[in-house]
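# For reference, the sequence and a predicted model appear below.
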Amino acid sequence: MNFPFFKYKSSLLRMPLLILILLCISCKQEKKAAAEVTEASEKPNIIVIYLDDLGYGDVGFNGGTAIQTPNMDKLANGGLNFTNGYASSATCTPSRYALLTGTYPWREKNAKILPGTAPLIIGTEQMTLPKMLKGAGYHTGIVGKWHLGLGSGNVDWNQKVGPGPNEVGFDHAFIMAATQDRVPTVYIENGDVVGLDPNDPIEIDYAKNFEGEPTGKDNPEMLKLKWHHGHNNSIVNGIPRIGFMKGGKKAQWRDEDMADVFLKEAQAYIVSQKENPFFLYYALQQPHVPRTPHERFVGKTGLGPRGDVIFEADWCIGELVKTLEAEGILENTLIVFTSDNGPVLNDGYYDDAEEKNGDHTPWGPFRGGKYSLFEAGTHVPFFTYWKGKINPGTSNALVCQMDLVSSLAALVGSDVKVEDSEELLDVLLGKETQGREELVIEASTRTALRKGDWVMIPPYPGNAFNPYVKIELGNANEVQLYNLKKDIGETKNLAEANPEKLQEMLQVYEKIRGKNQDTEKLELK
Ligand code: NG6
Ligand code: CA
């Protein structure tokens, strides 16, 4: 009888089949798990935390001791701190333009400090950071300062306001239009002024006042904060502003609550999008003027309101991280922290920033400050943090905020690449130490070149010093050349002593900038 044999044979045959099937199943499961891991690691949530006018030396993680910044320090020290991280420009609008579009702001003539009534300066057809991420499956949100213009001219603030952030890639937008010192002093959520009473319409004008409305100039008795230069138009919440505003009383913000309002919005956004990969651009208003810490932060640093709002911003960041932890998504979130331009003490109000500054050096080891072509204008705090993915450390690689578009595209598997935006993903993740070769930095209409350890500033005959803000602007009649490695404070102009280096710098500069008024003044050989 063959039966037992058959039985034996068939079970023999069946055994490997069973093993194979089991193997296949486990293999598939493993593959699925692997796929999930890659999925998760390629599409982490991304949060850009963007401070306004925070200096390199303001923070503990860059050696500052006057202001306690424990929450920023914890992230920076647990992440990768860049000692050569740059904003594209020494003021807000152009830096934000470069951050969001990946394009040098001097290519766009309107990328200059904008009034609250300026039209949107990013083209709705232009590639942007949120658009790129949307294309890769992200939900995208902005909370905080916009300052890139709204509408197409003559905005009616009582109707839907646009185009704006929603038209250039943000699914959700809770913003202030321009700056805290500029009208309109209201929050705008996805194009609608928040809390607007239709019976009290808003009118805005930057050229002339509305009949009978008080101003900082004519009504000093109404002010809780005095203006020093500029800032003497309409009064909102006892603070004189840039620009004139009428109506919208119920919608007007209380400056002291702004940090809490933006934080709550940012937290709510995170909670609402925790199931998606999301991108949050959290653009805090501190420590830009007017510096208005919430009452519970007043006097906390001894440096006056400027120090107190930095301390307040630090608290906000701590709370934001707590939300990520509570939702169990901190490990799956890449954080990029930086500032739109360098520091300034007196930026137009009597707020004790100068008087109470003591020995504090907001500009760190650098020369200049906000508005300056010297280093402190654009050389800003900059770190990346991704728990478990980025090893804690310091990087000396040259990086610019403009590089985020192409770099994050590489992270999320998008093929978007923008010409001026260098793909430096591995540098940002700490896997590579070689950053940019060079970078053109900007202050107002002036530009300079950083290349390797060197900086070259073309001759600019304008004022060398702005007496209002008390900052050296970087202007000089002759070309300037500094070696940052040996002379971080840009004290020794080596242009004459180093003609070869100068020529090299001039050539690279002209190659990037093209022939223009500045380069015509240069003596290229
Ligand atoms: C300047 C303001 C300054 C600040 C700056 C914009 C005056 C005199 N000065 O014109 O206070 O608002 O614009 O700063 O009005 S930024 O960080 O948004 O670029
Ligand atoms: Ca700024």
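Good, I have the coordinates. Ligands and ions are numbered 1, 2, ... in the order given.
# Now residue 491. Nearest residue, chain neighbours left out?
residue 367 (7.4 Å; C-beta to C-beta, 6 or more residues apart in numbering). In short, each C-beta sits where N, CA and C put it, glycine included.
# What of residue 426?
Of all residues not flanking residue 426 in the chain, residue 432 sits nearest, at 3.7 Å (C-beta to C-beta, 6+ apart).
# ok, the one you found to ligand 2 distance?
30 Å (C-beta to the ion, to the nearest Å).
# Touching, that residue and residue 410? I think so.
No: applying C-beta atoms under 8 Å, one finds residue 432 not in contact with residue 410, separated by 11.8 Å.
# Mind checking which of the two has more residues around it?
It is residue 410, of residue 432 and residue 410, that has more neighbours when counted by other C-beta atoms under 10 Å, with 18 against 13.
# Excluding sequence neighbours, find me the nearest residue to that one.
residue 425 (4.2 Å).
# and if you look at residue 52?
residue 288 (4.0 Å).
# Would you check that the one you found makes contact with residue 50?
No: using C-beta under 8 Å as the test, residue 288 is too far from residue 50 to be in contact (11.4 Å).
# what do the two both touch?
Common contacts of residue 288 and residue 50 (C-beta atoms under 8 Å, 6 or more residues apart in numbering): residue 145.
# Name the residue of the protein that lies nearest to ligand 1.
Among the residues of the chain, residue 230 lies closest to ligand 1, at 2.6 Å counting by C-beta to the nearest ligand atom.
# part of a helix, is that residue?
No: counting by DSSP: H, G, I helix; E, B strand; the rest coil, residue 230 is not part of a helix but coil.
# For the chain, what lies in contact range of ligand 2?
Within the chain, the positions adjacent to ligand 2 are 52-53, 92, 340-341 by C-beta under 5 Å from the ion.
# First-to-last residue distance for stretch 198-218?
Its first and final residues considered, stretch 198-218 spans 29 Å by C-alpha to C-alpha, to the nearest Å.
# If you could redo that for stretch 194-214, that was the one I meant.
Using C-alpha to C-alpha, the distance between the terminal residues of stretch 194-214 is 24 Å.
# Contacts for that stretch, please.
Stretch 194-214 has contacts (C-beta under 8 Å, 6+ apart) with 115-117, 155, 157-158, 174, 183-184, 186-188, 193, 215, 222, 233-235, 242-251.
# For the residue of the chain found nearest ligand 2, which non-adjacent residue is closest in space?
Residue of the chain nearest ligand 2, by C-beta to the ion: residue 92 (3.6 Å). Distances taken as C-beta to C-beta, 6+ apart put residue 340 closest to residue 92, at 4.9 Å, once the chain neighbours are dropped.
# Could you identify the buried members of the contacts of stretch 194-214?
115-117, 155, 157-158, 174, 183-184, 186-188, 193, 215, 233-235, 242-248, 251 (16 or more other C-beta atoms under 10 Å).
# returning to what we had before: and the residue nearest to residue 92, how close does it get to residue 392?
25 Å (C-beta to C-beta, to the nearest Å).
# Comparing these two, which shows the higher neighbour count?
Set residue 340 next to residue 392 and count neighbours by other C-beta under 10 Å: residue 340 wins out with 29 against 12.
# quick revisit: contact partners for the residue nearest to residue 410?
By C-beta under 8 Å, 6+ apart, the contact list for residue 425 reads 407-408, 410-411.
# Let me know whether residue 438 touches residue 448 as I believe.
No: with contacts counted by C-beta under 8 Å, residue 438 stays clear of residue 448, the gap being 10.9 Å.
# Pick out whichever of the two has more residues nearby.
Set residue 438 next to residue 448 and count neighbours by other C-beta under 10 Å: residue 448 wins out with 26 against 16.
# wait, is that one part of a helix?
No: using three-state DSSP, the assignment for residue 448 is strand, not a helix.
# returning to what we had before: keep the buried ones among the contacts of stretch 194-214, but drop any that are not near ligand 1.
Taking C-beta under 6 Å from any ligand atom as the test, ligand 1 is in contact with residue 242 out of these.
# Identify those among the buried ones among the contacts of stretch 194-214 that sit within helices.
In helices, defined here by DSSP state H, there are no members of the buried ones among the contacts of stretch 194-214.
# Might you enumerate the residues of this structure proximal to ligand 1?
Residues of the chain lying near ligand 1 (C-beta under 6 Å from any ligand atom): 52-53, 91-92, 113, 147, 179, 181, 229-231, 242, 288-289, 341, 347-348.
# Narrow those to just the buried residues.
52-53, 91-92, 113, 147, 179, 181, 230-231, 242, 288-289, 341, 347-348.
# Check those and tell me the two furthest apart.
The most widely separated members of those are 231 and 341, with 18.4 Å between them, by C-beta to C-beta.
# mind checking the SS state of residue 508?
Here residue 508 is helix, with the state taken from three-state DSSP.
# Wait, it touches residue 449, no?
Yes: Residue 508 lies in contact with residue 449 (C-beta under 8 Å); the separation is 6.2 Å.
# Quick check: end-to-end length of stretch 289-301?
One end of stretch 289-301 to the other measures 17 Å (C-alpha to C-alpha).
# again, but for stretch 104-123
14 Å.
# Do me a favour and average the pLDDT over that stretch.
Regarding stretch 104-123, the rounded mean pLDDT is 98.
# gap between that stretch and the chain center?
On the basis of C-alpha atoms, centre = their mean, to the nearest Å, stretch 104-123 sits 16 Å off its chain's mean C-alpha point.
# Tell me the buried residues in that stretch?
Of all the residues in stretch 104-123, those buried under the rule 16+ other C-beta under 10 Å are 104-106, 108, 110-122.
# Report the separation between residue 184 and residue 302.
Going from residue 184 to residue 302 by C-beta to C-beta gives 34 Å.
# do the same with residue 385
29 Å.
# okay, those two: which has more neighbours?
Shown here are residue 385 and residue 302; by other C-beta under 10 Å, residue 385 has more neighbours (24 against 12).
# So for stretch 51-59, first residue to last residue, what's the gap.
12 Å.
# Make 309 the starting number, not 1.
With 309 as the first residue, the last one maps to stretch 359-367.
# and that stretch, how far from the chain's centre?
The answer for stretch 359-367 is 11 Å, by C-alpha atoms, centre = their mean.
# tell me which residues form a beta bridge with residue 451?
residue 482, residue 590 (DSSP bridges).
# follow-up on the earlier one: ok, the residue of the chain closest to ligand 2 to residue 620 distance?
Where residue 620 is concerned, residue 400 sits at a distance of 19 Å (C-beta to C-beta).
# try residue 496
Residue 496 is 22 Å from residue 620, by C-beta to C-beta.
# Please apply the same query to residue 755.
Taking C-beta to C-beta, one finds residue 755 at 34 Å from residue 620.
# The two: who's more crowded?
Ranked by neighbour count (other C-beta under 10 Å), residue 755 and residue 620 place residue 620 first, with 28 against 24.
# which stretch of helix or strand covers that one?
Residue 620 is part of helix 613-634, with elements assigned from DSSP states H and E.
# Just the buried positions in that helix, please.
613-625, 627-629, 631-632.
# And stretch 745-754, by the same measure?
Buried, per 16+ other C-beta under 10 Å, within stretch 745-754: 746-752, 754.
# Just list the residues touching the closest residue to residue 813 other than its chain neighbours, thanks.
Distances taken as C-beta to C-beta, 6+ apart place residue 764 nearest to residue 813, at 3.8 Å, with adjacent residues excluded. When contacts are counted by C-beta under 8 Å, 6+ apart, residue 764 touches 756-757, 787-789, 803, 810, 813-814, 817.
# could you dump the residues you listed to a markdown table with pLDDT?
Output for the contacts of residue 764, formatted as a markdown table (pLDDT from 0 to 100):
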| residue | pLDDT |
| --- | --- |
| 756 | 98 |
| 757 | 98 |
| 787 | 97 |
| 788 | 98 |
| 789 | 98 |
| 803 | 98 |
| 810 | 98 |
| 813 | 98 |
| 814 | 96 |
| 817 | 97 |
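# Can you list phi and psi of the residue of the chain closest to ligand 2 for me?
Main-chain dihedrals, residue 400, degrees, to the nearest 10: phi -70, psi -60.
# so it touches residue 420, yeah?
No: with contact defined as C-beta under 8 Å, residue 400 does not count as touching residue 420 (9.9 Å).
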